[in-house]
Every structure is written in C-alpha cells, then in structure tokens.
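> Any chance you could fold what I've pasted below:
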Amino acid sequence: MSVMAKYVRIFWPDPKDEDVARRNKAVVTIQNWITGFGDPWTAVKLAGVLAEAVSDGSVREEFAPQVEKAIVDAGSDAFVRDGHDLEMIVVTLVAALDLIRQPRLDDSGWSAVDALAAGLWSALTFQQPVVEEAIELLRQEVAVAARERTMRIAEHSRLRAPVPEIGPLTLSEAQPTNGRANAAYRKATEPLVKALRENAELDREELEFLWWTIEDWSDCLNGRLSDAHPVVRAVVAGIDGASKLRRLPASGHRNVVLRGVPAGEPAALDTLLTALGQHRATIVKAIDAARVGEASSVFPLLTAIGGVDAERPGAEVQRDAREWGARALLERGIVQVATLRSS
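Numbering: from 1, shown residues only. Model prediction:
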C-alpha cells in the first residue's frame, strides 16, 4: 500500500508513479530514524518543531537534514532542500501519521512513537487552522490519530501484568556452586518480580490519585480546589492531578480532574494568566521549566505560566475552563511520564 499516494498532490499537482514510490521509501527511512530514538523525549521535541513547521510552512533544522537525506537516498539524487519546505514537511508529517496509526502498542506506554503522538496531539490542537486547505486536512488527520493513539496507550499501559509462577531452577556447571544457585534463582524469579513491581506501581498511582481527589487540596493555591475560580481550579487541578500519575493521563483521569468544574466564560491565554495571578509563582515550582522549554510548542500553557512566549499562535483562541483544564492535564502528564522514565 502506498503511504504517500493520498498526500503527494499537496506539493506535486501531477505526480508520476516512480516519484510516489521514492517518497514512500523516504517515509520508511524517516520512520526508522524516529523509532531509533534512544530517548522518547527526542520524539516530543520533534513533535514540537514539526507542528511549528506545519503552522508557518518553514522546515526546521531539527529534522530537515534527515528528511533531505532520506529523499536523496530514496533515489531523488537531484533533490535539494531549498524551495522544497512544503514537500519536506508533508513527507515528515505523513511518516509520523503512518507510525502513529500502527496498531502495535508498547507495554511501557512510553515508546518514541507514543511520545511523538502525545506531543503532536498537544501541539497541533493548540494551533489555529492553516490557510491552505490540503495541509490543514492533513494536520487535522494527524491530530485526530495522535489523540486516538495517546488515549489507547493510556489505557493499554495500565493493564495489570499477569503474575507468573516461579520458573524452573537450572544450574550451570560453568559457575561456582553459590554463583550458580544465585544466578538460577534470579533467572527463575525475574518474571514474577517484574510483574509484581509493575502492578505495584499502578496500584500506587491509583491510591495517590484517589487520595488527592478526596483531599480536594492544592499546595499551589494553598487552599481547596473547589473554592477556586473555575478556570484557575481547572488548570491547577490538571497540573496537580498529572503529578500523581505514572502513565499518560487517560479519559478517566480527565473526568475526575474536571468533575464539578463548570465551563465558565471562554478565555484566551492572556486572560487565563491574569486569572492565575499570584498563584503562577507557586505553580511554576511544580513545572520542570527547563524540560518544558525544550519543546515549548508542545507545552504552550506551561510555557506561558512560566512567563515565556505567551503570545504564540493559538494563544488568542478563547477556550473554556474545562478545555484549559484538559490541556493542563495533558501537558503536565507528558512532562511527568518523561521525567519518571528518564530517572
């Protein structure tokens, strides 16, 4: 099946079969580059710069060299980067879309593809629509696919691992007696211990999130969440709630965070920041500002709370309290998982 056939006309009015085949090969090379990221956080940063490129039509240096090389290596020897920004953006976006749509899910919930999906969902849904209809349709398609994968992985990664029986003890004659016994015991019990640890981590997440919900208290506000202004309550609840998670937030977490929060009057980002007022200084302490700054387009809300780039494209869009709360949960949830998995 040709991945590029549907999208190649965005930059080629009359494509030839061999041209489409070459771009298909380039897509595979780009996908191999992305899945080869040793740290999924690199995929989050890629999501940010790719979303920026979609918004303004200018390819970014963070991915341009790899995409140019992929296109050249696929058989387009005469290809040069200059004047082909749209083509490079579309090819990269399609490569990401095809990766995100693949049904296989990583049990850890934080592979490079999972991180890319979460980052693209956050970044693309904050933007204003793009003027050019073809690229806007592709942008929406990626945003929907990214959301669907993120929600699926949030549920899948919380499935409890079956706890196996202790395996057979096999002693190797090549090791000393004590060493053989210890190694055999570790090997026999490793699957059981691994399953118990993973399940215990999920149990702890549920308990901490439940206790936070019952407590109805925020250190950021130094008061009860339910007493705060709707938009302040929603954003702070999203940030606080995400800090209790071990995986990406699922729909159930969003429902709990936003329970009892009225939609209120829609507010643009600057109005939201004004409403947060003096609480921003305390909220910033709960945000990894350095990490957030590495992918500010993925974290427009957290970045703005930290006092940086509050006038980016999309900031002028008015969103109700529940929308801002859901965004706070997603953004802080991505940071939370990235931090836990890097430690």
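
> For the nearest residue to S297 once chain neighbours are set aside, give me its contacts.
Excluding its sequence neighbours, the residue lying closest to S297 (Cβ to Cβ, 6 or more residues apart in numbering) is G48, at 3.9 Å. Every C-beta, even on glycine, is put in place using the N, C-alpha and C of the backbone. G48 sits next to 119, 123, 295-298 when contact means Cβ atoms under 8 Å, 6 or more residues apart in numbering.

> Now intersect these with the helices, please.
Judged by DSSP state H, the contacts of G48 include 119, 123 as members of helices.

> and which of the contacts of G48 is nearest R60?
Nearest to R60 among the contacts of G48 is S297, at 10.3 Å by Cβ to Cβ.

> doesn't L46 make contact with the closest one?
No: distance between S297 and L46: 10.8 Å, which falls outside the contact criterion (Cβ atoms under 8 Å).

> Columns pLDDT and distance to L258 on top of the contacts of G48, output as a markdown table?
Shown next, in a markdown table, are the contacts of G48 (pLDDT from 0 to 100; distance: Cβ to Cβ, whole Å):
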| residue | pLDDT | distance to L258 |
| --- | --- | --- |
| G119 | 98 | 22 |
| A123 | 97 | 21 |
| A295 | 95 | 25 |
| S296 | 94 | 25 |
| S297 | 96 | 24 |
| V298 | 97 | 21 |
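
> Pick out the most distant pair among the contacts of G48.
G119 and S296 (11.5 Å).

> Which one's more surrounded, the two?
Counted by other Cβ atoms under 10 Å, G119 and S296 do not tie: G119 has more neighbours, with 30 against 19.

> Where do the helices of the stretch 101-250 of the chain begin and end?
Counting by DSSP state H, counting those that start in this stretch, the segments of the stretch 101-250 of the chain that form helices are 112-126, 133-156, 177-215, 230-242.

> List of residues touching the second one?
Defining contact as Cβ under 8 Å, 6+ apart, one finds that helix 133-156 is touched by 7, 9-10, 54, 86, 89-90, 93-94, 96-97, 100-101, 105-107, 109, 113-114, 116-118, 120-121, 124-125, 127, 129-130, 247-251.

> Apply 7 Å and report the result again.
The contact list for helix 133-156, computed with Cβ atoms under 7 Å, 6 or more residues apart in numbering, reads 7, 10, 54, 90, 93, 96-97, 100-101, 105, 109, 114, 117-118, 120-121, 124-125, 129-130, 247-251.

> From those, list the buried ones, please.
Taking 16 or more other Cβ atoms under 10 Å as the criterion, what is buried in those is 7, 10, 54, 90, 93, 96-97, 100-101, 105, 109, 114, 117-118, 120-121, 124-125, 130, 247-250.

> just to revisit the earlier point, what's the distance between the residue nearest to S297 and S296?
To S296, G48 is 7 Å away according to Cβ to Cβ, to the nearest Å.

> And for R204?
Distance from R204 to S296, by Cβ to Cβ: 31 Å.

> again, but for E62
13 Å.

> Could you double-check that I239 sits in contact with E331?
No: look at I239 against E331 with Cβ atoms under 7 Å: they stay out of range, at 8.3 Å.

> between the contacts of G48, which is closest to V284?
Each of these was checked against V284 using Cβ to Cβ; the closest is S296, at 14.3 Å.

> Report the contact partners of that closest one.
Applying Cβ under 7 Å, 6+ apart, the residues near S296 are 48, 303, 308-309.

> Is N24 within a helix or a strand, and which one?
N24 belongs to helix 17-35 when assigned by DSSP states H and E.

> Now do the buried residues in that helix.
20, 22-27, 29-31, 33-34.

> what's the nearest residue to A95 if we skip its chain neighbours?
I30 (4.0 Å).

> now that neighbour: how far from A118?
Separation of I30 from A118 (Cβ to Cβ): 19 Å.

> And for E68?
Relative to A118, E68 is positioned 27 Å away (Cβ to Cβ).

> hmm, back to that, quick check: angle from the helix or strand just after the helix holding N24 to helix 112-126?
Sequence-wise, the next helix or strand downstream of helix 17-35 (DSSP H and E) is helix 41-56. Inter-element angle recorded for helix 41-56 and helix 112-126: 30 degrees (by axes from the mean of the first three to the mean of the last three Cα atoms, to 10 degrees).

> which residues are in contact with the very next helix or strand once past helix 41-56?
Counting by DSSP H and E, the next helix or strand C-terminal to helix 41-56 is helix 64-73. The contact list for helix 64-73 (Cβ under 7 Å, 6+ apart) reads 26, 29-30, 33, 79, 81, 88, 91-92.

> Any stretches of the protein with poor pLDDT?
1, 163-189, 191-193, 343 (pLDDT under 70).

> mind redoing it with 80?
1-2, 106-108, 160-196, 199, 308-310, 343 (pLDDT under 80).
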